[in-house]
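Visitor: have a look; sequence and predicted model below, questions after that.
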Amino acid sequence: MNGTAGCDTTATSSCEMDLSEVLQSEIQYLRNKVKELESENAKLSALLSNCHCQQGNDASSTLESRGLVEEVGRLNLGCKEVNMRKTKEINSGHCTTAMLDLPKRYVALKIMYFGQRFYGFASEAQMDPTVESEVFKALDKTRLIFGNKKELQYSRCGRTDKGVSSVGQVIALYLRSNLKQFKGNNGCCGENGEIDYVRVLNKVLPVDIRVLGWSPVPIDFSARFSCLSRVYKYFFWRGNLDVMAMETASQKFVGEHDFRNFCKMDAANVHNYRRHIISFEMFPCNESFESDQLWVMKIRGSAFLWHQIRCMVAVLFLIGQGFESPNVIDLLLDIERMPRKPQYIMAPEIPLVLQCCEFEGVTFFCSSDAKQALHEHLVRECLSYKVQATIFHEALLSFSSTEYDNDVMKTRTRRKEASYVPLMSRPTEPSYEERRTKLDARIQTRE
């Protein structure tokens, strides 16, 4: 389940202790000032009681004494207000003023999530929930952050789409630290006394999001631009697919190409559609169902375009089904011959996983306690999904029959053969130049 509903006890106690130190100093100063004024007022009162001066002078001294008494009263009231403010800030969880003076360090976090219920990773999406919004809720609950994303110097490695999962997403930002001094941000992750970021965050995150590790990084580190390569995996059941033809076609993606015919074009923000695919592998997994085998495509690249992998996989599936030749990849990568993308449906998003983001000199750390808790959590989740899969299997067995299955497959095959339109004969989407022209015209109209 989700651990505790509130903040982690250790993180909360630490925040309260740090805040108390800041505010207690202010309170102590006011109390000392009050004592000084009370002492002066007592001396003046003693002098005034023995004074036999003229009434005018008496009135003047009385007014001066009264002013001192009022000053003492104001300082006492100030002490009460500071105490009330201290209590309110601790209870509300908004330690922003005091936290500005607390130690902090620049940290990279490695995050996994099961993307089925999320509208992508980035919180800029118009729909909720997103993975990023849930992560920031946890960071705020545990009082590990203060300020906005710009002040935190926040960066993320990727913007996975709705339904896409990850076991290696990376973000970087300033987090509160227990250490007042450490050797820059390149010191050992396991310093004694440092906050156990993995354990603290996983106690308040939803069950389908976990922090896997953390690492101190230099202040010029960017989770996006410092990334050397990204690795995605796409899982699929082999079925009747011709995986040999798919493997042959997949190697045509390797190298640097213009992938505008294999992505969702964003002419407003993206002007260069050349990307470098480092490797493209296909191999079976140790998982089978009845007579079918689970396979995976593993794609490593320096960066990817919007929906690029799902578009590449969709065309490979058409090749695997025998509807297209592997040479169709060459045609779609030739922008002079095919400046406009033919219309086709992308591959489903659920089987796509961001496997890892690779950086130079970044090693993610997880304490032994946090690692044990992570292992137990993942085992429970795996068992839960196996139970669900078993239920679906039982439902399948309750009505399936060989005759029924054969009839369905024959009907599907005839329907596909009769209705399939080759990619090169399909309607096409507007080219990049056409999109830019239309976009520029809209901008000029608004101006």
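Guide: Arrived safely, thanks for sending. A quick note: this is a predicted structure, and the numbers were derived from the prediction, not measured.
Visitor: what's the helix or strand harbouring Gly213 in contact with?
Guide: Using DSSP states H and E, Gly213 maps to strand 209-216. If you take C-beta atoms under 8 Å, 6 or more residues apart in numbering as the criterion, strand 209-216 is touched by 105-114, 131, 134-135, 167-168, 182, 184-187, 189, 197-198, 201-202, 205, 362-366, 374, 377-378. Placement of C-beta: from N, CA and C, glycine included.
Visitor: same check, this time on stretch 240-256
Guide: 274-280, 282, 295, 297, 299, 312, 315-317, 319-322, 326, 328-330, 333.
Visitor: which of these count as buried?
Guide: Buried members of these, scored by 16 or more other C-beta atoms under 10 Å, are 275, 277, 280, 282, 295, 297, 299, 312, 315-317, 319-321, 326, 328-329, 333.
Visitor: how about low-confidence regions in this protein?
Guide: 1-30, 32-33, 44, 47-101, 125, 181-192, 399-418, 447 (pLDDT under 70).
Visitor: OK, contacts around Phe359?
Guide: Under the criterion of C-beta under 8 Å, 6+ apart, the neighbours of Phe359 are 108, 170, 226-228.
Visitor: by neighbour count, which of these wins?
Guide: For the contacts of Phe359, the largest neighbour count, defined by other C-beta atoms under 10 Å, is 29 neighbours, found at Val170.
Visitor: so where do the strands sit in this protein?
Guide: Secondary structure of the chain (DSSP state E): strands at 104-113, 155-156, 165-176, 209-216, 229-237, 255-258, 274-289, 292-301, 352-358.
Visitor: run the chain-centre distance for the third one.
Guide: Offset of strand 165-176 from its chain centre (C-alpha atoms, centre = their mean, to the nearest Å): 6 Å.
Visitor: can I get it as CSV, trimmed to CA atoms?
Guide: Written as CSV, here are the backbone C-alpha positions of strand 165-176 (Å, rounded to 0.1, in the frame of the first residue of the first chain):
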residue,chain,number,x,y,z
SER,A,165,6.1,3.2,-18.1
SER,A,166,9.7,3.6,-17.0
VAL,A,167,12.2,1.9,-14.8
GLY,A,168,14.9,4.5,-15.3
GLN,A,169,13.6,8.0,-15.6
VAL,A,170,15.9,10.6,-14.1
ILE,A,171,15.2,14.1,-12.7
ALA,A,172,17.6,16.6,-11.0
LEU,A,173,16.9,19.4,-8.6
TYR,A,174,18.0,21.0,-5.3
LEU,A,175,16.9,19.0,-2.2
ARG,A,176,17.2,19.8,1.5
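Visitor: please name the strands paired to it in the sheet, noting orientation.
Guide: strand 104-113 (antiparallel), strand 155-156 (antiparallel), strand 352-358 (parallel) (DSSP bridges).
Visitor: quick one: closest of those strands to Ser123.
Guide: Ser123 lies closest to strand 155-156 among these, at 9.8 Å (C-beta to C-beta).
Visitor: would you check how far apart Arg210 and Pro284 are?
Guide: 27 Å (C-beta to C-beta, to the nearest Å).
Visitor: these two: which is more packed in?
Guide: Arg210 (22 against 12).
Visitor: how near is the more buried one to Phe114?
Guide: 9 Å.
Visitor: what does Ser229 give?
Guide: For Ser229 relative to Phe114 (C-beta to C-beta), the value is 23 Å.
Visitor: between the two, which is the more surrounded one?
Guide: Phe114 (20 against 15).
Visitor: who's in contact with the nearest residue to that one once chain neighbours are set aside?
Guide: Sequence neighbours aside, Asp208 is the residue nearest to Phe114 in space, at 4.3 Å (criterion: C-beta to C-beta, 6 or more residues apart in numbering). Residues near Asp208 by C-beta under 8 Å, 6+ apart: 113-114, 116-117, 381.
Visitor: start and end of stretch 134-153, how far apart?
Guide: 18 Å (C-alpha to C-alpha, to the nearest Å).
Visitor: in contact with the spatially most central residue of the chain, which residues?
Guide: Nearest residue to the geometric centre of the chain (C-alpha atoms, centre = their mean): Glu132, 3.9 Å. Shown in contact with Glu132 (C-beta under 8 Å, 6+ apart): 121-123, 156.
Visitor: burial of the closest residue to it other than its chain neighbours, as a residue count?
Guide: Excluding the flanking residues, the one nearest Glu132 by C-beta to C-beta, 6+ apart is Ser123, at 4.1 Å. By other C-beta under 10 Å, the residues close to Ser123 number 17.
Visitor: over to Ala172?
Guide: There are 26 residues near Ala172, going by other C-beta under 10 Å.
Visitor: can you list contacts of stretch 287-295?
Guide: For stretch 287-295, using C-beta under 8 Å, 6+ apart, the contacting residues are 235-239, 243, 282-285.
Visitor: please report how far Thr445 lies from Asn148.
Guide: 34 Å.
Visitor: and for Arg156?
Guide: As judged by C-beta to C-beta, Arg156 and Asn148 stand 15 Å apart.
Visitor: ok, the two, which is more surrounded?
Guide: Neighbour count, other C-beta under 10 Å: between Arg156 and Asn148, Arg156 has more, with 24 against 8.
Visitor: and the gap between the more buried one and Val107?
Guide: 13 Å.
Visitor: intersection of neighbour lists for those two?
Guide: Ala172.
Visitor: check contacts around the residue nearest to Glu132.
Guide: 130, 132-133, 136.
Visitor: tell me the domain boundaries of this protein?
Guide: 9-98, 103-216, 230-350+416-442 (automatic domain parsing).
Visitor: just these: most buried one?
Guide: Burial of these is given as mean neighbour count (mean count of other C-beta atoms under 10 Å); domain 103-216 ranks first at a mean of 19.
Visitor: measure that domain end to end?
Guide: 14 Å.
Visitor: can you pull the phi/psi pair for Leu179?
Guide: phi -90, psi 120 (degrees, to the nearest 10).
Visitor: now the end-to-end length of stretch 347-361.
Guide: 35 Å.
Visitor: C-alpha coordinates for stretch 246-256, CSV please?
Guide: In CSV, the C-alpha atoms belonging to stretch 246-256 read as follows (Å, rounded to 0.1, in the frame of the first residue of the first chain):
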residue,chain,number,x,y,z
MET,A,246,11.2,-7.4,-38.7
GLU,A,247,14.8,-7.8,-37.6
THR,A,248,16.1,-7.1,-41.1
ALA,A,249,13.9,-4.0,-41.4
SER,A,250,14.9,-2.7,-37.9
GLN,A,251,18.6,-2.5,-38.8
LYS,A,252,17.7,0.1,-41.4
PHE,A,253,16.9,2.5,-38.5
VAL,A,254,20.4,2.3,-37.1
GLY,A,255,22.5,5.5,-37.7
GLU,A,256,21.5,9.1,-38.2
